[in-house]
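Okay, predicted coordinates and the sequence, questions at the end:
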Amino acid sequence: MKRLLLAVCFVFLIPFLSFADEVDKGLPADTPSRIKESVRQVIDLGVEPNAVIKMTQSMIADGFSEQQIITGHELLIKAKKQNLAEEPIINKLHEGIAKNVGAEDILQAMEKVRARYDLANTYTQNLKTDEAQARVMAKQMAECMAAGMDKGSMNKITEMLQQKTKNSSKDEALKLNEKTLETARTMARSGVDSKDIVDVMSSAFKRNYNAGEMEKLGNTFTAQSRGSSSASALARAYSDAIRNGAPPDKLVSYSPSMLPPEGGFTGGGSPPPAGGIARGAPPPAGGRTPPPGGSGISAGTSGAQISPASAPPGGAPGGERK
Amino acid sequence: MLKALTVICAALMILSGCTNNYYYQIKDDQLHIFFHEPRASKVFFLSSLDQFELHETMKNEKGLWEISLPSGQSFEYFFIVDGNLSIPACDQKEKDDFGFENCIYIPEEDF
């Protein structure tokens, strides 16, 4: 009986022992035990172990102090306890390191990301949605705010959606929520002022745009705003047009001067070089094939896989650490 | 006559916001981003696809810096041009919380 009990205890201990191994193996031998303990706490909360270890390795290599590393972990713990996505917070850390930003500024930026997701999470609770979609919507809202939409405007759009979907079926509400936020995000990322985004949405709701129409509105805006010098002016033109009863498929005629260049050149770039490279054009004979394995990111002409190891030592090339 | 045409062209470019310096294309499920930085000697590409790892870009025969990525996903990105952060004149951007901006690539099928 005693033996059996010991065996059962051993089996239950295996996962914990293997975590400990992973943390010990993944971090430099001289890593302070406080940091290792903090890593284990984050992992125990369900954050992917490799992500936490990689994040900690990066902070150590970048010269974060022990306390700063622990603060980084605490941010993740807080996010996880609030049921927020941790990936954008971890990504912000790696982005900051790549941009050669100082440790304190990186931690502040990570907190800003967490706060945006927290706020977005609060907003989604007022909407008719389910748990899976609430996460998607929180991400869309956080991205709207990252693109520059102010909190007040985000709240107004949420309130309008709440009002609009009050008597809709759950399915209709989910679709309208998704397409509205997608369109708002596109506009915010295109540089449209928050107030103008709210105006467009308000006009569309007053004209009873459904999810499909909201999607068309977003598509038309995306196409027309490419290469446009003033996305806000385009949004204002849309707002007026919708107020005057324009259906989404007629919006394209409201700002002919902002039509994309002929040939559908995309990406906002300068015209393609002679030979006419167009998006989605069939590849020329003998065209490059995707490089195998890895992240699939490779340098242009050689087609050779460039691994992160090819980066110059000391993080971002050029410039001193702040 | 030529001078007048040049002025008109320049004015049209300014009015149309045609200050763009990049474009992209999709070939064989790969997204190719081309970036025009004629005076640069080294250009790195970083994106949220792989937690902002550095990837050195190659200058192609047309003098454009080129990078190939898997297509079909949206991501944020920026370049490091001779040690300085840089983004092309992309249509969609976000603030990066560090006082700079990132470009955002959205696959067409997402719209």
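Thanks, I have the structure now.

number of nearby residues for the residue of chain B found nearest chain A?
Closest to chain A within chain B is B:Gly83: 1.8 Å, counting by CB to the nearest CB. Every C-beta, even on glycine, is put in place using the N, C-alpha and C of the backbone. Look at B:Gly83: counted by other CB atoms under 10 Å in any protein chain shown, it has 13 neighbours.

hang on, B:Asn102 packs against B:Ile87?
Yes: B:Asn102 is within contact range of B:Ile87, at 6.7 Å (criterion: CB atoms under 8 Å).

any residues in contact with both of these two?
Counting by CB atoms under 8 Å, 6 or more residues apart in numbering or on different chains, the shared contacts of B:Asn102 and B:Ile87 are B:Tyr77, B:Phe78, B:Lys93.

What helix or strand is B:Phe34 located in?
Under the criterion of DSSP states H and E, B:Phe34 resides in strand B:30-35.

which intervals of chain B have sub-threshold pLDDT?
Scanning chain B for pLDDT under 70 picks out the ranges B:1-20, B:109-111.

which outside residues touch stretch A:156-166?
Under the contact criterion CB under 8 Å, 6+ apart, stretch A:156-166 has outside partners A:123-124, A:126-128, A:141, A:172-173, A:176-177, A:180-181, A:184, A:197-198, A:201-202, A:205.

circling back to that earlier point, of B:Asn102 and B:Ile87, which one has the most company?
B:Asn102 (26 against 20).

Count the residues that sit near B:Arg39.
Using other CB under 10 Å: B:Arg39 sits among 6 other residues.

Where does it sit: helix, strand or coil?
coil (DSSP: H, G, I helix; E, B strand; the rest coil).

Next: the one 5 residues further on.
When classified by three-state DSSP, B:Phe44 comes out as strand.

For it, list each beta-bridge partner.
With DSSP bridges as the criterion, B:Phe44 is bridged to B:Glu56, B:Ile80.

Which stretches in the stretch 151-300 of chain A count as strands?
Ranges of strands within the stretch 151-300 of chain A are A:298-299, based on DSSP state E, counting those that start in this stretch.

Residue 67: which element?
Assuming you mean chain A. helix A:66-81.

oops, chain B please
For B:Ile67, the element it lies in under DSSP H and E is strand B:65-70.

if we can go back for a sec, and the helix holding A:Gln67, does that touch chain B?
No: shown here: helix A:66-81 not in contact with chain B (CB under 8 Å from any CB of the partner chain), separated by at least 13.2 Å.

which phi and psi does B:Lys27 have?
Here is the backbone geometry of B:Lys27 (degrees, to the nearest 10): phi -140, psi 130.

any idea how far it lies from A:Ala134?
38 Å (CB to CB, to the nearest Å).

show me where the stretch 151-300 of chain A has helices.
In the stretch 151-300 of chain A, the segments counted as helices under DSSP state H, counting those that start in this stretch are A:151-164, A:170-189, A:194-206, A:211-225, A:231-243.

May I have the predicted confidence score for A:Lys322?
As predicted, A:Lys322 sits at a pLDDT of 37.

now swap in A:Ala235 and tell me
You'll see A:Ala235 listed with a pLDDT of 95.

quick one on the thing from earlier: neighbour-wise, which one of the shared contacts of B:Asn102 and B:Ile87 leads?
B:Phe78 (24 neighbours).

host element of that residue?
Under the criterion of DSSP H and E, B:Phe78 resides in strand B:75-81.

about what we covered before: put the alpha carbons of the strand holding B:Phe34 into PDB.
This file holds the C-alpha atoms of strand B:30-35, laid out as PDB (Å, rounded to 0.1, in the frame of the first residue of the first chain):
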ATOM      1  CA  GLN B  30       4.400  33.800 -50.500                       C
ATOM      2  CA  LEU B  31       4.000  37.500 -49.800                       C
ATOM      3  CA  HIS B  32       6.900  39.600 -51.200                       C
ATOM      4  CA  ILE B  33       7.300  43.000 -49.800                       C
ATOM      5  CA  PHE B  34       9.400  45.400 -51.900                       C
ATOM      6  CA  PHE B  35      10.800  48.500 -50.200                       C
END
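
any residue of it up close to chain A?
Yes: on the criterion CB under 8 Å from any CB, strand B:30-35 is in touch with chain A at B:Gln30, B:His32, B:Phe34.

Output the residues you listed in a markdown table; the columns should cover distance to A:Ala237.
Listed next are the residues of strand B:30-35 next to chain A as a markdown table, based on distance: CB to CB, whole Å:
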| residue | distance to A:Ala237 |
| --- | --- |
| B:Gln30 | 37 |
| B:His32 | 33 |
| B:Phe34 | 31 |
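
Any of those residues buried? List them.
Listed as buried from the residues of strand B:30-35 next to chain A are B:Gln30, B:His32, B:Phe34; burial here means 16 or more other CB atoms under 10 Å in any protein chain shown.

who's in contact with residue 67?
In the absence of a named chain, this looks at chain A. Applying CB under 8 Å, 6+ apart to A:Gln67 gives no contacts.

ah, no, chain B please
A:Ile297, A:Ser298, A:Ala299, A:Gly300, B:His32, B:Ile33, B:Phe35, B:Phe45, B:His55, B:Thr57, B:Met58.
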